[in-house]
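K.L.:
what follows is a predicted protein model with its sequence.
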Amino acid sequence: MRHYRIASIPADGIGPEVIAAGLEVLEALAARDGGFVLDVDHYDWSSAYYRKHGVFMPDDGLAILKQADAIYFGAVGAQDVPDHISLWGLRLPICQGFDQYANIRPTRVLPGVVSPLRDVGPGDLDWLIVRENSEGEYSGHGGRAHRGLPEEVATEVAIFTRVGVERIMRYAFASARKRPRQHLTVVTKSNAQKFGLVLWDEIALEVAADFPDVTWDKELVDAMTMRMVRKPQSVDTVVATNLHADILSDLAAALAGSLGVAPTGNVDPSRRYPSMFEPIHGSAFDITGKGIANPVASFWTASLMLEHLGEARAAAALMVAVEQVCAAGILTPDVGGNATTKEVTRAMVEAIKGGNLG
Ligand code: ATP
């Protein structure tokens, strides 16, 4: 029997609702598979924890998480805590402390879910966005001087290193190689950002030489937004900087029908540290506690986590169950249905227990 230790951090807003749903589905899946067991450790690190202790996680938080094989994360952010404090208090210390430099964001139009793009259905939009997750525009370098005075100044420095760019480029080419179309689009803004992003272009050219079986092209980020909307079929795997891919992947999630179905993984490809898997969406205060949060993003997230752990068969079965449940019209309101989080979860558990998942 294969054992995996999962650290669960549901945190804020709808995080606890969708992570509980995901854990229920994972448990059903492990029971069905029979080959592995998930030992789940629960952590209450969140904005509530911050209000009580003045920090988002204990001093030895990373040392505790390091024992895990993977981290299953909900959402962080509360209305009374500034976003930059919650982000730098919990998610970013984990991503940076564990060198999770590859952020992967698969996007597909699921059956039963309607894309806002006319004539785009399942199969027309099937993307993998690879986001550089350790440096670039979110390096945390900069400062402020003359606070509050008319001459106040703030700098926000984007850092691009050869090591950082090369490793994400290799990861992106290798990811594209595993996909049916074997095509990569390298996104930059190297016409205007003439240092760091010209370095991206140069390294892309160098790394491409090692992947002759992967076709690739380049796109400026502004043009990329149009291409994603106008010619979604022309896009397959995409690699972009921390900021650019952050924005493009929200666009991708919206084009796939809802933020409520979009998953992501913060991966340390070297496997020195545990990787962290989470829905793309945030706390969603408007629907917190109403029981209607879409749990599909957290199911898909769980599938990414299983794949990373080496349980490819269970990961694929989970996605078949998701597609069956969506195709049957058991959908939450954000994707046009009227089912609750619990009803979707129950349908998933039934599909996993009794269904033919290939
Ligand atoms: P944060 O500041 O933490 O990112 P937010 O509320 O500003 O939170 P999101 O939570 O990312 O932003 O989502 C924006 C909107 O999308 C939400 O207000 C909600 O209406 C919708 N949404 C997001 N996730 C889901 C979900 N899982 N199910 C249903 N609707 C969702």
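P.N.:
Thanks, I have the structure now.
K.L.:
longest helix anywhere in this protein?
P.N.:
Looking across the chain with DSSP state H, the single longest helix is helix 15-33.
K.L.:
what helices or strands is that one leaning on?
P.N.:
The contact analysis (3 or more Cβ pairs under 8 Å, 6 or more residues apart in numbering; DSSP states H and E) places helix 15-33 against strand 2-11, strand 36-42, strand 70-75, helix 296-309, helix 312-327, helix 341-354. In this view, the C-beta of every residue, glycine as well, is placed from N, C-alpha and C.
K.L.:
what's the spacing between the fifth one and its chain's center?
P.N.:
Remark: helix 312-327 is offset 18 Å from the chain centroid, using Cα atoms, centre = their mean, to the nearest Å.
K.L.:
with the fourth one instead?
P.N.:
Averaged C-alpha coordinates place helix 296-309 at 10 Å from its chain's average position (Cα atoms, centre = their mean).
K.L.:
kindly report the same for the shortest one.
P.N.:
Between the mean C-alpha location of strand 70-75 and the chain-wide mean there is a distance of 10 Å, by Cα atoms, centre = their mean.
K.L.:
for that strand, packing partners?
P.N.:
By 3+ Cβ pairs under 8 Å, 6+ apart, strand 70-75 packs against strand 2-11, helix 15-33, strand 275-279, helix 296-309.
K.L.:
Trp216: which of the ones you listed is closest?
P.N.:
Of all these, helix 296-309 sits nearest to Trp216, with 23.6 Å by Cβ to Cβ.
K.L.:
which secondary structure elements does the closest one contact?
P.N.:
So helix 296-309, by 3+ Cβ pairs under 8 Å, 6+ apart, packs with helix 15-33, strand 70-75, strand 102-108, strand 263-267, strand 275-279, helix 312-327.
K.L.:
ranking the ones you listed by burial, who's on top?
P.N.:
Among the helices and strands packed on helix 296-309, ranked by average contacts under mean count of other Cβ atoms under 10 Å, first place goes to strand 275-279 (a mean of 27).
K.L.:
near the ligand, which residues of the stretch 51-200 of the chain show up?
P.N.:
Within the stretch 51-200 of the chain, the positions lying close to the ligand (Cβ under 6 Å from any ligand atom) are Ala75, Gly77, Asp83.
K.L.:
name the nearest of those relative to the ligand.
P.N.:
For these, the closest approach to the ligand (Cβ to the nearest ligand atom) belongs to Gly77, at 3.2 Å.
K.L.:
returning to that earlier point: got a markdown table for the helices and strands packed on strand 70-75, with distance to the ligand and mean pLDDT too?
P.N.:
Output for the helices and strands packed on strand 70-75, formatted as a markdown table (distance: least, Cβ to the nearest ligand atom, whole Å; pLDDT from 0 to 100):
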| stretch | distance to the ligand | mean pLDDT |
| --- | --- | --- |
| strand 2-11 | 10 | 98 |
| helix 15-33 | 6 | 97 |
| strand 275-279 | 6 | 97 |
| helix 296-309 | 6 | 98 |
